[in-house]
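1. got a sequence here, can you build the structure:
(2 chains)
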Protein chains: 2
Amino acid sequence: MKQVLPGGVNRSDLKLSDGRTISYYDSKEINRSAADQRNDEAQPGIGHLRLDPLVNEWVSVASHRQHRVFLPPKELCPLCASTSEKLTEIPDSDYEVVVFTNRSPALTTPANNWKLPAINGLDTPNADAAGACEVVCYTPDHGTSFAKLSERQIRTVLEAWKDRDSALSKLPFIEQVFPFENRGEEVGVTLSHPHGQIYAYSFLPPRIEKMLQAAQDHLKKTGRALLDDVIKREIKDEKRIISQNSEWIAYVPFAARYPFEIHLAPKRGVAGMSELDEAQSAAFPAIAKEILARLDGVFGIEMAYIASWYQAPVNSGRDSMRLHWQIVSVRRQPGKLKYLSGSESAMGAFIMDLEPEQSAQQLREVKL
Amino acid sequence: MKQVLPGGVNRSDLKLSDGRTISYYDSKEINRSAADQRNDEAQPGIGHLRLDPLVNEWVSVASHRQHRVFLPPKELCPLCASTSEKLTEIPDSDYEVVVFTNRSPALTTPANNWKLPAINGLDTPNADAAGACEVVCYTPDHGTSFAKLSERQIRTVLEAWKDRDSALSKLPFIEQVFPFENRGEEVGVTLSHPHGQIYAYSFLPPRIEKMLQAAQDHLKKTGRALLDDVIKREIKDEKRIISQNSEWIAYVPFAARYPFEIHLAPKRGVAGMSELDEAQSAAFPAIAKEILARLDGVFGIEMAYIASWYQAPVNSGRDSMRLHWQIVSVRRQPGKLKYLSGSESAMGAFIMDLEPEQSAQQLREVKL
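-> A predicted model of the protein is given here:
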């Protein structure tokens, strides 16, 4: 199947030998037909969701993931393009951007009649772990990083995210689509090839539930979207702004939780990724590159980070919640990490050692 | 000031040179009078609380902590007893258990008229970071660990926790008392001397707020405390139980979030630490030692863990919430850590790679 997306991006869908779909996203028309020459068997079964009754949150149990590949050397990287000597997840000998389902997905397609059980304390039944876990390969170049991609390449990644957001949102069992990137061994990255992931949840993740509540309260009280007012405050305060262009603004949030935390939001708010229009999409790559380069520039080393796309749930809060990208780094000084220890991980109470204004200044002062 | 506590524990309070109080907890009567011979200046000022409007949570900003001591070599350990060559945080030349305020506290005593501002979205003012951060030294022996302490010594630690819980709960600005231990560099421990901490918050930490809601809902619906019913289910299911004695039960919770997670709870539920009676207190050390030894035994290495005491807030939920200890380890295999990356840290959605029942079996099978 082929399709032309905005930004001149061409999508071609093929099948991997175990039945998974692989989507190639290319900035030019190209015939993608390389067959997967591996003899892979279909994925192991589905995990399950259990309710944690102490906080009424779903936990996914995916015991088949325990033995997945961990930091293989470059010559074994499953995210590089295939060669005659080595067959990888990408059958073709070159690619620009590809997306496919994770080989060991924690969340996957459930049976047709799947339904999330109503939460009922200790009497809540388990459920199949419905959802999707996809891998987004940003580039065939094993040794680079998102920040170093060309603007053209980042635009292609963005179109892949938008396309997958749109497709996953249409699945009847999906409530939240979450594109993200873990970068660096410090945050548990098992494959160093530049890539991100998309998790699509069949329940509202706890963090989204809480954001939705705050956003809905704000909308009810003021008639406005909360993030629009947050951005107004950032523009008024000025001192936490890192960069802006015609369509996007990047800032260290007023109550940052990490020593280096950057939020990037469209100035004209949208509920979700697939609602970004041409002007917003075209203006994204330059500022995305800039803020990630600033992050790497603070200490002159590649910063470990988690980059997360927050957006409105598929079926609620489309009028109150707003798309934005949160990039948090766990490094607080060249030799020091910020750990989520007792207060943060057990109580959810964050302690920040650096004033957000100081952190913003350091990021602004990086020479690019 | 001297006081005799349950379990034959004697408390002696002295002052450090910068004005902080140090409390010695001893299993015998002993005259503690060693003066602090350092010329320390008083603590730096108080940090502040900022509201994160996206989720209505308080974040503590404590920029004076950025330069604190990081993993000093043993000969510089500030938690060892003082010697003629080296003056530490503990003026005496020996001790059993001591408690004192953290040298760089993220939360501290506010002005008399301090009051937590009402949450009002973007219009919420900042507040001084009221609260307390204390250090609990478990033993003068730098190279040991909590699990290896004698039962007598653990009882003394327990009495110190109970005593501090009781004292901190009486302060007008304290809403939650949280004794915990981070163990291992993997969870960001900056001092390897066996010690824990007590954070006392002037607001309800987000995790407690959520637990309180679930506990209150359950009480309203059933007339019973939620944790009592959780324990009933663990006893009925049996397969996740690690150990029990007359007063305590240890289990891997039904919806564990970490590969090795143990909850230890009194069978006769209490709201908080200082309500533990003599039978419960006397029965704690043996089972505490056992479960921590099992944790270290799984891979035959010292496990990095976060051990957290959850209890009812000072001013609410005393009838619905129950004291228990949650010990979570981030190690999933000898060479592999579980990281809180995208799904866990950004969405609050946990993925568990190991079935809680498997994990419980591994813990039970450890030969002690």
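
2. and for A:Ser60, the neighbour number?
-> Residues within reach of A:Ser60, counting by other CB atoms under 10 Å in any protein chain shown, total 27. Every C-beta, even on glycine, is put in place using the N, C-alpha and C of the backbone.

3. quick one: the helix or strand harbouring it to chain centroid distance?
-> Under the criterion of DSSP states H and E, A:Ser60 resides in strand A:57-61. From the chain centre to the centre of strand A:57-61 is a distance of 19 Å (CA atoms, centre = their mean, to the nearest Å).

4. any idea of the mean pLDDT for that strand?
-> The average pLDDT within strand A:57-61 is 97.

5. any chance you could map the helices in chain A?
-> Listed in chain order, the helices of chain A (DSSP state H) span A:151-169, A:206-222, A:226-237, A:278-299, A:347, A:356-365.

6. only alpha carbons, please: show the fourth one as CSV.
-> What follows is the C-alpha trace of helix A:278-299 in CSV, where atoms were taken according to Å, rounded to 0.1, in the frame of the first residue of the first chain:
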residue,chain,number,x,y,z
GLU,A,278,1.4,22.8,7.1
ALA,A,279,2.8,26.0,8.7
GLN,A,280,3.2,24.3,12.1
SER,A,281,4.7,21.2,10.5
ALA,A,282,7.1,23.2,8.4
ALA,A,283,8.3,25.3,11.3
PHE,A,284,9.0,22.3,13.6
PRO,A,285,12.3,20.9,12.4
ALA,A,286,14.4,24.0,12.9
ILE,A,287,13.4,24.6,16.5
ALA,A,288,13.4,21.0,17.4
LYS,A,289,17.0,20.7,16.2
GLU,A,290,17.9,23.9,18.0
ILE,A,291,16.6,23.0,21.4
LEU,A,292,18.1,19.5,21.3
ALA,A,293,21.4,21.0,20.2
ARG,A,294,21.2,23.4,23.2
LEU,A,295,20.6,20.5,25.5
ASP,A,296,23.7,18.7,24.2
GLY,A,297,25.6,22.0,24.4
VAL,A,298,25.1,22.7,28.1
PHE,A,299,27.9,20.3,29.1
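
7. angle of it against helix A:151-169?
-> 110 degrees (axes from the mean of the first three to the mean of the last three CA atoms, to 10 degrees).

8. what helices or strands is helix A:278-299 leaning on?
-> Applying 3 or more CB pairs under 8 Å, 6 or more residues apart in numbering or on different chains; DSSP states H and E, one finds that helix A:278-299 makes contact with helix A:151-169, strand A:241-244, strand A:248-251, strand A:260-266, strand A:324-329, helix A:356-365.

9. so which of those comes closest to B:Trp309?
-> strand A:324-329 (27.6 Å; CB to CB).

10. which elements pack onto that closest one?
-> Using 3+ CB pairs under 8 Å, 6+ apart: strand A:324-329 touches strand A:260-266, helix A:278-299, strand A:305-310.

11. try 10 Å this time
-> strand A:176-183, helix A:226-237, strand A:248-251, strand A:260-266, helix A:278-299, strand A:305-310 (3 or more CB pairs under 10 Å, 6 or more residues apart in numbering or on different chains; DSSP states H and E).

12. check the gap between whichever residue of the stretch 101-250 of chain A sits closest to chain B and A:Ala346 for me.
-> Closest approach between the stretch 101-250 of chain A and chain B, counting by CB to the nearest CB: A:Gly188, at 2.6 Å. A:Gly188 sits 19 Å away from A:Ala346, taking CB to CB, to the nearest Å as the criterion.

13. of these two, which one has the most company?
-> A:Ala346 (23 against 19).

14. burial of the nearest residue to A:Ala215 once chain neighbours are set aside, as a residue count?
-> The shortest distance from A:Ala215 to any non-neighbouring residue, by CB to CB, 6 or more residues apart in numbering or on different chains, is to A:Ser320 (3.9 Å). For A:Ser320, the neighbour count with other CB under 10 Å is 22.

15. next up, phi/psi of A:Ser320, please.
-> Note on A:Ser320: its backbone torsions stand at phi -110, psi -30 [degrees, to the nearest 10].

16. so it is in contact with A:Leu227, correct?
-> Yes: contact criterion CB atoms under 10 Å: A:Ser320 and A:Leu227 qualify, at 9.1 Å.

17. mutual contacts of the two, please.
-> A:Met211, A:Ala215, A:His218 (CB atoms under 10 Å, 6 or more residues apart in numbering or on different chains).

18. distance to A:Phe299 and neighbour count added to those, as TSV?
-> Output for the shared contacts of A:Ser320 and A:Leu227, formatted as TSV (distance: CB to CB, whole Å; neighbours: other CB atoms under 10 Å in any protein chain shown):
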residue	distance to A:Phe299	neighbour count
A:Met211	30	25
A:Ala215	34	23
A:His218	36	23
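
19. look at the residue positioned nearest the centre of chain A and report its pLDDT.
-> The geometric centre of chain A, computed from its C-alpha atoms, lies nearest to A:Phe180 (CA atoms, centre = their mean), at 1.4 Å. With respect to pLDDT, A:Phe180 scores 97.

20. which residues touch it?
-> So A:Phe180 contacts A:136, A:196-199, A:306-310, A:325-327, B:341-343, B:345-347 (CB under 10 Å, 6+ apart).

21. measure A:Glu302 to A:Val157 for me?
-> 18 Å.

22. quick one, which of these two is more surrounded?
-> A count of neighbours by other CB under 10 Å puts A:Val157 above the other of A:Glu302 and A:Val157, at 28 against 15.

23. can I assume that one is in contact with A:Ala288?
-> Yes: the pair A:Val157 / A:Ala288 is scored as a contact, 9.0 Å apart, by CB under 10 Å.

24. joint contacts of these two?
-> Common contacts of A:Val157 and A:Ala288 (CB under 10 Å, 6+ apart): A:Phe146, A:Leu149.

25. which residues does the nearest residue to A:Glu234 once chain neighbours are set aside contact?
-> Once flanking residues are discounted, A:Glu234 sits nearest to A:Tyr251: 4.5 Å by CB to CB, 6+ apart. Going by CB under 10 Å, 6+ apart, A:Tyr251 touches A:230-231, A:233-235, A:237-244, A:261-265, A:291, A:356, A:360, A:363.

26. go on, A:Ala62?
-> A:44-49, A:104-108, A:129, A:133, B:351-355.

27. of those residues, just the buried ones, ChimeraX syntax please.
-> This is the ChimeraX syntax for the buried subset of those, where burial follows 16 or more other CB atoms under 10 Å in any protein chain shown:
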select /A:46,47,48,49,104,105,106,107,108,129,133 /B:351,352,353,354,355
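
28. residues of the stretch 1-150 of chain A that sit close to chain B?
-> Residues of the stretch 1-150 of chain A that fall close to chain B, judged by CB under 10 Å from any CB of the partner chain: A:47-68, A:70-71, A:104, A:106-107, A:119-124, A:126, A:129, A:131, A:133.

29. among these, name the buried ones.
-> For these, buried by 16+ other CB under 10 Å: A:47-66, A:104, A:106-107, A:121, A:124, A:129, A:131, A:133.

30. looking at those, which are in strands?
-> Of those, the ones assigned to strands by DSSP state E are A:His48, A:Leu49, A:Arg50, A:Leu51, A:Asp52, A:Glu57, A:Trp58, A:Val59, A:Ser60, A:Val61, A:Gly131, A:Cys133.

31. how about these in TSV, adding distance to A:Glu96?
-> TSV is the format used below for those (distance: CB to CB, whole Å):
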residue	distance to A:Glu96
A:His48	36
A:Leu49	35
A:Arg50	40
A:Leu51	42
A:Asp52	41
A:Glu57	38
A:Trp58	36
A:Val59	36
A:Ser60	31
A:Val61	36
A:Gly131	27
A:Cys133	22
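
32. out of those residues, which is nearest to A:Glu85?
-> Each of these was checked against A:Glu85 using CB to CB; the closest is A:Cys133, at 28.6 Å.
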